[in-house]
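Trainee: Fold the following and give me the result.
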Amino acid sequence: MTKREQEPSDQKRRAADAARLMLRTRRWGALATALASEGGRPFCSLVTLACDCDGSPILLLSTLSDHTRNLDTSSLASLLLEDAGRRANPQTGPRLTLLGRIEPDPDPRMRRRFLARHPGASMYAGFTDFRVFRMHIEGGHWVGGFAQARRLEASALLTEAEAARALAEAEPAVLAHMNTDHADAIDLCAQRLLGRAGSGWKILALDPEGCDLGRGESAFARLSFPRLATDAESLREILVELTTAARECPAPISS
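Mentor: Alright, predicted model coming up:
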């Protein structure tokens, strides 16, 4: 393969990597559904979201809202995530549009992952009109900036299925162990590897590509893994490796 032939493949891989990172780190997005009461007219609304281990978006929606009634009629939807709104020219910022179907998912694990990222939602998550939904991604459109648009298949946006299943099974025990017995290591990773201030950081959720850290109700950070965690043992090795790196990293100089 020549260098010229390899460049499109490299560009697609970089686009997929950036899109998956955005999918893992955005906590809200714009949901587009078909307005059931007006013959399918496009309807857009703000929603908060989390991610399953494979990257599938998880939503907590009220049955009283228009977008939920729309989904009950047609599960087809799109979800826009972005990191462009605060730029002088938003067109230069990255954004990701996901295409797929959004359907109810009663698995308690979905609810736990959503509430871990949005603890304030626990005030109303138990109301009878709220249900947890999962988006089944069928494809996406990534724009990395001006003139950097690319279509992405679902396989490029989702983490490898077998690894995701393995991490989902290991997650409860790993979270309990790390947050109880290694709280100092988590703080160290947040402070020295991510440059985040304060203590009391916890691991909120795990997946093959990284873990979500949180402190209090609003502080959130993403710690990416140096390689894919495919099972509990490889996850343990990666967490030890990251902790060692954090301990070896110089402490920030206080002002």
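
Trainee: now stretch 158-168, how far from the centre of its chain.
Mentor: 14 Å (Cα atoms, centre = their mean, to the nearest Å).

Trainee: how about that stretch: buried residues?
Mentor: Neighbour-count burial for stretch 158-168 flags 158-159, 163-164, 166-168 (criterion: 16 or more other Cβ atoms under 10 Å). Yep, even glycine has a C-beta here, placed from its N, CA and C like the rest.

Trainee: Show the pLDDT at the closest residue to residue 91 other than its chain neighbours.
Mentor: Of all residues not flanking residue 91 in the chain, residue 146 sits nearest, at 6.0 Å (Cβ to Cβ, 6 or more residues apart in numbering). Note for residue 146: predicted pLDDT of 78.

Trainee: give the contact list for the residue nearest to residue 82 when sequence neighbours are not counted.
Mentor: Once flanking residues are discounted, residue 82 sits nearest to residue 95: 3.9 Å by Cβ to Cβ, 6+ apart. The contact partners of residue 95, by Cβ atoms under 8 Å, 6 or more residues apart in numbering, come to 22, 80-84, 142-143.

Trainee: cool, residue 77 as well?
Mentor: 31-33, 71, 100-102, 135.

Trainee: doesn't it fall inside a helix?
Mentor: No. If the criterion is DSSP: H, G, I helix; E, B strand; the rest coil, then residue 77 is strand and not within a helix.

Trainee: Closest one of the buried residues of stretch 158-168 to residue 188?
Mentor: residue 167 (22.3 Å; Cβ to Cβ).

Trainee: Pretty sure that closest one sits against residue 234.
Mentor: No. Counting by Cβ atoms under 8 Å, residue 167 does not reach residue 234; the two are 9.5 Å apart.

Trainee: on that earlier part again, of the contacts of residue 77, closest to residue 12?
Mentor: residue 100 (19.7 Å).

Trainee: Return the helix or strand in this protein with minimum mean pLDDT.
Mentor: helix 3-25 (a mean of 81; mean pLDDT, DSSP states H and E).

Trainee: before we move on, the earlier item: the buried residues of stretch 158-168 in helices, which ones?
Mentor: Residues of the buried residues of stretch 158-168 located in helices (DSSP state H): 163-164, 166-168.

Trainee: Not counting residues beside it along the chain, what's closest to residue 45?
Mentor: Nearest to residue 45 is residue 67, by Cβ to Cβ, 6+ apart, at 4.9 Å.

Trainee: and that neighbour, how many neighbours?
Mentor: Using other Cβ atoms under 10 Å, residue 67 has 24 neighbouring residues.

Trainee: who's in contact with it?
Mentor: So residue 67 contacts 31, 33, 43, 45, 47, 61 (Cβ under 8 Å, 6+ apart).
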